[in-house]
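Asks: Kindly return the folded structure for what I paste below:
(chains A and B)
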2 protein chains.
Amino acid sequence: MKKTNVPAATIIRLSVYQRYLKRLLAGGVKVVSSQDLASQANVNPAQLRKDLSYFGRFGVRGVGYCVSTLLQKISAILGVIEQRNVILVGAGPITQALLRHPGFPQQGYHFEAVLDVDEKNIGKTLENGMVVQPMDSLKEIVEERNVELAVIAVPLEQSQKIGDMLVEAGIKGILSFSPNRIKVPLNVSIQYIDFTILLDSLTYNISRGRKKKTTEVLEKKAQKLKWGSEHSWPVVQSNSKGYNAGLST
Amino acid sequence: MKKTNVPAATIIRLSVYQRYLKRLLAGGVKVVSSQDLASQANVNPAQLRKDLSYFGRFGVRGVGYCVSTLLQKISAILGVIEQRNVILVGAGPITQALLRHPGFPQQGYHFEAVLDVDEKNIGKTLENGMVVQPMDSLKEIVEERNVELAVIAVPLEQSQKIGDMLVEAGIKGILSFSPNRIKVPLNVSIQYIDFTILLDSLTYNISRGRKKKTTEVLEKKAQKLKWGSEHSWPVVQSNSKGYNAGLST
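Replies: Numbers count the residues shown, from 1 in each chain, chains lettered A, B, ... in the order given. Below is the predicted model:
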């Protein structure tokens, strides 16, 4: 295994490949072409090969990849083979949605506990039968149940405090739904999800597409005046490339 | 305004800057340093300046940026000044969480309607008083209420069909919570959110950090044997850089 720093975008794409391979395996497919696999992450086969090259040599030229072998290897790279325990902090609607999301158990993520700082939520029984626990129980839960991952879904003004408590308790990876950045030590990883930021990107693409279209109409008119010929209408290329579920620079 | 293709990562960071500027403005702060603003997106001031340089010249060297001016300009670039109408497809727990999320109205996103293909959800009244509508109403809603953005939160096997219906009705930007890729025409933008993929990235960082630590322990032992000296314990740098709420290549 090479020692190069692997780009965060590559890791995201490995997850995309891994999920597609799982679906293929479940469907009884034995071999997948690099074209097909690459298209799942909206990249070309060269990028797929580059993504895999960080970790060794895979596949056979002109034949493709063995679905089950590649699935095993990517899962091993990601470290997502065994069950991983996760705790949720904040007993609000996002947590409720996550608890009901089929993707987590499918990918080996198991929600161990839901905690909250809010007195009025503590002791509440959630839909799936879990009881919301106070932050006092944090350290015990993390240690006893071997938890390294936590999800923060609390109001913005509480997120840093919760982050500090999680780090103190030994959590190593945090997924935060709070829009503000949390300061964590260098040995703790953090990912942010902000739904509205993704809508902003779509909005930007839409207004860019509209501007482009206007420019094209004007250019077309100018060309008509100049040459009096018809040009085929160019497709506005405002489609976003690459996989978008979270990423870094 | 330059015509260069702006990287998707820059657009994501513009949203991060914009949200921070909004908070500063609300707090009565007039000027922000490039250091402070850049740190919000986990980049250095040079990257911040590069991000802004795609759209013109901003700020005064040694002084910083005027909060209200920069906020206005970035909002204009993103096209997020006015209210933007959004429809939600799928009346499940994710939709319920989004409807209760304060970030959307704060950023000018207004949920116009919730639609569903599932007969048993149609006609249901949601917490906020909205009634779930059938897909038959899609075209009318999109046209009459000037909707360009849609969120898809339906089971995996329905997402392509829903995507086709949205495109047909005139939707130009789609945010999908379904893990599988949807085929859309080039003039339609799409962003994906997959929570478990972000957990995979955290898992990868954790196991990489652990490997690094083991290697370092072994190297340290080897060094001790060789030179008999103590070395300070290096901090494991597995912290993820950059803003992570969705991004492209």
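Asks: hey, what's A:Val60 bridged with?
Replies: Here A:Val60 sits in beta bridges with A:Gly64, as judged by DSSP bridges.
Asks: Neighbours of A:Lys30, how many?
Replies: Number of residues near A:Lys30 (other C-beta atoms under 10 Å in any protein chain shown) recorded here: 10. For glycine as for every other residue, the C-beta is placed from the backbone atoms N, C-alpha and C.
Asks: For the nearest residue to it once chain neighbours are set aside, grab the count of nearby residues.
Replies: Counting by C-beta to C-beta, 6 or more residues apart in numbering or on different chains, A:Lys30 lies nearest to A:Val67, which is 5.8 Å off, once chain neighbours are set aside. By the measure other C-beta under 10 Å, the count of residues near A:Val67 is 21.
Asks: Also A:Ala46?
Replies: With other C-beta under 10 Å as criterion, A:Ala46 counts 10.
Asks: Next up, phi/psi of it, please.
Replies: The phi/psi pair for A:Ala46 (degrees, to the nearest 10) reads phi -60, psi -40.
Asks: pLDDT at it, what is it?
Replies: In this prediction, A:Ala46 carries a pLDDT score of 91.
Asks: Could you do A:Leu186 as well?
Replies: A:Leu186 is assigned 88 on the pLDDT scale.
Asks: Likewise for A:Ile141?
Replies: 94.
Asks: Equivalent analysis for A:Ser68, please.
Replies: 88.
Asks: How about it: what's its closest non-neighbour residue?
Replies: Nearest to A:Ser68 is A:Leu25, by C-beta to C-beta, 6+ apart, at 5.9 Å.
Asks: The one you found contacts A:Val67, correct?
Replies: Yes - using C-beta atoms under 8 Å, A:Leu25 is in contact with A:Val67, at 5.3 Å.
Asks: measure the residue nearest to A:Lys30 to chain B for me?
Replies: Counting by C-beta to the nearest C-beta, to the nearest Å, the gap from A:Val67 to chain B is 16 Å.
Asks: likewise A:Ser178?
Replies: Counting by C-beta to the nearest C-beta - A:Ser178 and chain B are separated by 10 Å.
Asks: wait, doesn't that residue sit right on A:Ser159?
Replies: Yes - A:Ser178 is in contact with A:Ser159 according to C-beta under 8 Å; the separation is 3.7 Å.
Asks: so what's in contact with those two at the same time?
Replies: A:Ile152 (C-beta atoms under 8 Å, 6 or more residues apart in numbering or on different chains).
Asks: Would you confirm that the residue nearest to A:Lys30 contacts A:Gly27?
Replies: No - A:Val67 is beyond contact range of A:Gly27, at 9.4 Å (criterion: C-beta under 8 Å).
Asks: Now for the residue nearest to A:Ser68: which residues touch it?
Replies: Taking C-beta under 8 Å, 6+ apart, one finds A:Val67, A:Ser68, A:Leu71 in contact with A:Leu25.
Asks: Repeat that for A:Ile87.
Replies: Contacts of A:Ile87 (C-beta under 8 Å, 6+ apart): A:111-115, A:138, A:141-142, A:147, A:149-151, A:171.
Asks: A strand includes it, no?
Replies: Yes - applying DSSP: H, G, I helix; E, B strand; the rest coil, one finds A:Ile87 inside a strand.
Asks: Endpoints of stretch A:29-40, how far apart?
Replies: Terminal residues of stretch A:29-40 lie 16 Å apart, using C-alpha to C-alpha, to the nearest Å.
Asks: Could you list the buried residues of it?
Replies: Buried residues in stretch A:29-40, defined by neighbour count with 16 or more other C-beta atoms under 10 Å in any protein chain shown: A:Val32, A:Ser34, A:Asp36, A:Leu37, A:Ala38, A:Ser39, A:Gln40.
Asks: strand partners of the top strand by length along chain A, parallel vs antiparallel please.
Replies: Secondary structure assigned by DSSP state E gives strand A:109-116 as the longest strand of chain A. Sheet pairing of strand A:109-116 (DSSP bridges) gives strand A:84-89 (parallel), strand A:133-134 (parallel).
Asks: And stretch A:161-180, what's buried?
Replies: Neighbour counts over stretch A:161-180 (16+ other C-beta under 10 Å) mark A:162-163, A:165-167, A:169, A:171-180 as buried.
Asks: whoops, I mixed them up, stretch A:151-159
Replies: Here stretch A:151-159 shows A:Val151, A:Ile152, A:Ala153, A:Val154, A:Gln158, A:Ser159 as buried, counting by 16+ other C-beta under 10 Å.
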